[in-house]
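K.L.:
attaching a predicted model along with its sequence, questions to come.
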Amino acid sequence: MNNKITVCCRCKRAFGPNEAMVLGRDHLDSLCSDPDGYLIFIQSWGTCMGCFGQEPDPSKWALKACVYCDRPLYVSIEKPPRIVACKKICCDAAKAKKRRAILRGTKQCAECGETFTPKRTDSRYCSAACKQKAYRRKAEVLDGGTP
């Protein structure tokens with residue numbers, strides 16, 4: 001989704017588009033918490049499989065996907081991050097998306113009265129059909145009642 005290059009925090013080699021990375025306890029030095037309690041980027045984010053040394057043990061590591069770009073990530077089962085992201089830009093984008101969803105909340109359709117979750121903050125109708133009905137009703141009133 002974004003074109004920022006992600007590099008291994010140890011060898012500085014650039015990751016391939018869908019190459020898995022390892023996030024774990026040894027990376028907590030490069031992470032800290034922001035006021036919302038999310039882990040945020042300080043210097044580097046994850047390790048490549050070559051620097052990690054072996055295939056992650058399934059009893060200690062869980063394979064997850066980045067919340068924003070879907071890159072495969074191995075996270076520690078013992079101490080997982082609050083938000084699973086491969087880089088800062090993905091973490092920030094996921095947090096912004098969550099904030100926008102909270103701001104939108106739920107609304108009541110101005111035409112049919114149904115409760116819906118809007119895709120935009122300024123949405124007034126639950127569907128294109130209700131929007132069209134409202135437009136036609138308004139046009140009918142302005143034209144003096146002629147269809």
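P.N.:
Happy to help now that I have it.
K.L.:
tell me how the protein divides into domains.
P.N.:
21-100, 105-142 (automatic domain parsing).
K.L.:
Cys9: which of those is closest?
P.N.:
domain 21-100 (3.0 Å; CB to CB). C-beta here means a position set from N, CA and C on the backbone, and glycine is covered the same way.
K.L.:
for Thr6, find the nearest of the domains of the chain.
P.N.:
Using CB to CB, the nearest of these to Thr6 is domain 21-100, at 5.1 Å.
K.L.:
gap between that closest one and the chain center?
P.N.:
13 Å (CA atoms, centre = their mean, to the nearest Å).
K.L.:
now swap in stretch 98-115 and tell me
P.N.:
Distance of stretch 98-115 from the chain centroid (CA atoms, centre = their mean) equals 20 Å.
K.L.:
sorry, back to before: out of the domains of the chain, deepest packed?
P.N.:
Scoring the domains of the chain by mean neighbour count under mean count of other CB atoms under 10 Å gives domain 21-100 as the most buried, with a mean of 16.
K.L.:
end-to-end on that domain?
P.N.:
Chord length of domain 21-100, first to last residue, is 29 Å (CA to CA, to the nearest Å).
K.L.:
and stretch 55-65, by the same measure?
P.N.:
Stretch 55-65: ends 17 Å apart by CA to CA.
K.L.:
you'd agree Ala110 is in a helix?
P.N.:
No - judged by DSSP: H, G, I helix; E, B strand; the rest coil, Ala110 forms no part of a helix; its state is coil.
K.L.:
pop out the phi and psi values for it.
P.N.:
According to degrees, to the nearest 10, the main-chain angles of Ala110 amount to phi -70, psi -20.
K.L.:
pretty sure it contacts Ser123?
P.N.:
No - using CB atoms under 8 Å, Ala110 makes no contact with Ser123, being 9.5 Å away.
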